[in-house]
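# One predicted model, sequence on top.
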Amino acid sequence: MTAEEKTTLACFFDTVSAYLGSGYANSGADYAFKDDPEAVPESQMTEGQMPAGHQTAAPKAAGAEPEADAFSIPLAYLVPEAAEDDSPLKELEAEIRSCTACPLAKTRTKAVPGEGPASPLVMVIGEGPGGDEDIAGRPFVGRAGQLLDKMLASAGLYREKNCYIANVVKCRPPGNRDPMPEEIACCAPYLERQIALLKPLLILCAGRVAARHILRTEEGIGRLRGKIGEYPAAVEIVETGTLQSDSIPPIPVIPTFHPSALLRDESLKHPAFEDLKQLMAALAKLDKSYAAEVKPLLAKYAAKDPAFAEKVRALSR
């Protein structure tokens, strides 16, 4: 912008301000604007000229350990690669998006099937979409979702790599209220089919609604967390309108607090982190590749927690 253009714009704002204020024009001010320098193409910029957030990151030293502070790992949202259009998972997601089985379909903006790789290590299950998710059609993308991504990263889990995220109900309940039993019942076959198709090694239930539904219990999240439950060994799968039986091995279930609860009460972050460490120890027993990837994290957390250190030592026995 030139100095002349800046002066004209400043005078205009002065006139508007005077009109809305006293109603009288002020005497003109003496401006000393300068022309903006010509833009330098980013490809020709030196490191010092790059705008904030665009500098080239310094290379990490070999063997550098990950962030020690759980939930403080900065993340950008990465959308996982979409499954093949003709895959069973893709077909199921399309079916969910067009579902009108319950009244929630009339008030939603978009249904939210779920997101993540087709063969995840962990499936995270929440209660239902919120306002941001209803607009985006993606699970956990608001403030609670940003915290969830940081929580998962502290355990070496990412929605674009090894973690699938979904909800008990696929449409937003008005006002973010708890889903009603009849709404959960309408969506239950979708969730059961997702679990059967994804075959995760472990399920992480985020919050009371999800934990109660998956574990078939009425207990509160305070009593459920800290223990490892189990998803039923046999579920009924509805495919192409035909009821079929499909057995899957029992899946360990770890309940924890919903990320929105942590945003309301920071004192819950410590027990939630304990739940994630429990998840890490359980998952490391189930998958050697995961255990090797998170070995530095396991060592770091074990150094500060003798009880967890014993769990880590048990992994090698």
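Cool, got the structure.
# Got the confidence number for Lys311?
For Lys311, the pLDDT comes out at 86.
# gap between it and Leu201?
According to C-beta to C-beta, to the nearest Å, Lys311 stands 17 Å off from Leu201. The way it works is simple: take the backbone N, C-alpha and C, and place the C-beta from them, glycine included.
# what sits up against the helix or strand encompassing Arg313?
In the assignment (DSSP states H and E), Arg313 maps to helix 306-315. Residues outside helix 306-315 that contact it (C-beta atoms under 8 Å, 6 or more residues apart in numbering) are 277, 281, 284-285, 291, 298-299, 301-303.
# let's go with 6 Å and repeat that
Residues outside helix 306-315 that contact it (C-beta atoms under 6 Å, 6 or more residues apart in numbering) are 277, 281, 284, 298, 301-302.
# Could you list which of those belong to strands?
Among the contacts of helix 306-315, no member is found in strands (DSSP state E).
# Identify those among these that sit within helices.
Using DSSP state H, the members of the contacts of helix 306-315 that fall in helices are 277, 281, 284, 298, 301-302.
# Return the members of those residues classed as buried.
Listed as buried from those are 277, 281, 284, 298, 301-302; burial here means 16 or more other C-beta atoms under 10 Å.
# Could you single out the nearest of the residues you listed to Asp132?
Of all those, Asp132 sits closest to Lys277, with 28.5 Å by C-beta to C-beta.
# what would the buried ones among the ones in helices among the contacts of helix 306-315 look like in a markdown table with distance to Lys110?
Shown next, in a markdown table, are those (distance: C-beta to C-beta, whole Å):
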| residue | distance to Lys110 |
| --- | --- |
| Lys277 | 35 |
| Ala281 | 37 |
| Ala284 | 36 |
| Leu298 | 38 |
| Tyr301 | 38 |
| Ala302 | 42 |
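# Tell me where the stretch 151-300 of the chain has strands.
163-167, 202-206, 229-231, 234-239, 242-247, 251-256 (DSSP state E, counting those that start in this stretch).
# contact partners of the last one?
This means strand 251-256. 202-205, 211, 214, 224-225, 228-229, 231, 272, 275, 279, 282.
# Could you work out the most separated pair of the residues you listed?
Maximum pairwise distance in these, criterion C-beta to C-beta, is 20.6 Å, between Tyr231 and Ala272.
# pLDDT below threshold where in the chain?
Along the chain, segments meeting pLDDT under 70 span 1-86, 233-248.
# Could you chop it up by domain?
If you go by automatic domain parsing, the domain ranges for the chain are 1-36, 88-292.
# and among those domains, the most buried is which?
Compared across those, domain 88-292 shows the largest average neighbour count, a mean of 19 (mean count of other C-beta atoms under 10 Å).
# Which positions in stretch 296-315 come out as buried?
For stretch 296-315, the neighbour count (16+ other C-beta under 10 Å) marks 297-298, 301-302, 308, 311-312 as buried.
# follow-up on the earlier one: from the buried ones among the ones in helices among the contacts of helix 306-315, pick the one nearest Ser119.
For these, the nearest to Ser119 is Ala284 (18.0 Å; C-beta to C-beta).
# Please report the distance of Gly222 from Leu276.
17 Å.
# Ignore what I typed, I meant Lys304.
Separation of Lys304 from Leu276 (C-beta to C-beta): 14 Å.
# cool, and Leu197?
Using C-beta to C-beta, we find Leu197 at a distance of 25 Å from Leu276.
# quick one, helices of the stretch 51-200 of the chain?
88-97, 104-107, 131-136, 143-153, 181-198 (DSSP state H, counting those that start in this stretch).
# which one of these lies closest to Asp265?
Taking these one by one with C-beta to C-beta, helix 143-153 is closest: 12.5 Å.
# What helices and strands are in contact with that closest one?
Contact here means 3 or more C-beta pairs under 6 Å, 6 or more residues apart in numbering; DSSP states H and E; on that basis helix 143-153 packs against helix 259-264.
# Contacts for the helix it packs on, please.
For helix 259-264, contacts defined as C-beta under 6 Å, 6+ apart pick out 144, 147-148, 268-269, 272.
# Which of the residues you listed sits closest to Leu89?
Nearest to Leu89 among these, with distances taken as C-beta to C-beta, is Leu148, at 21.0 Å.
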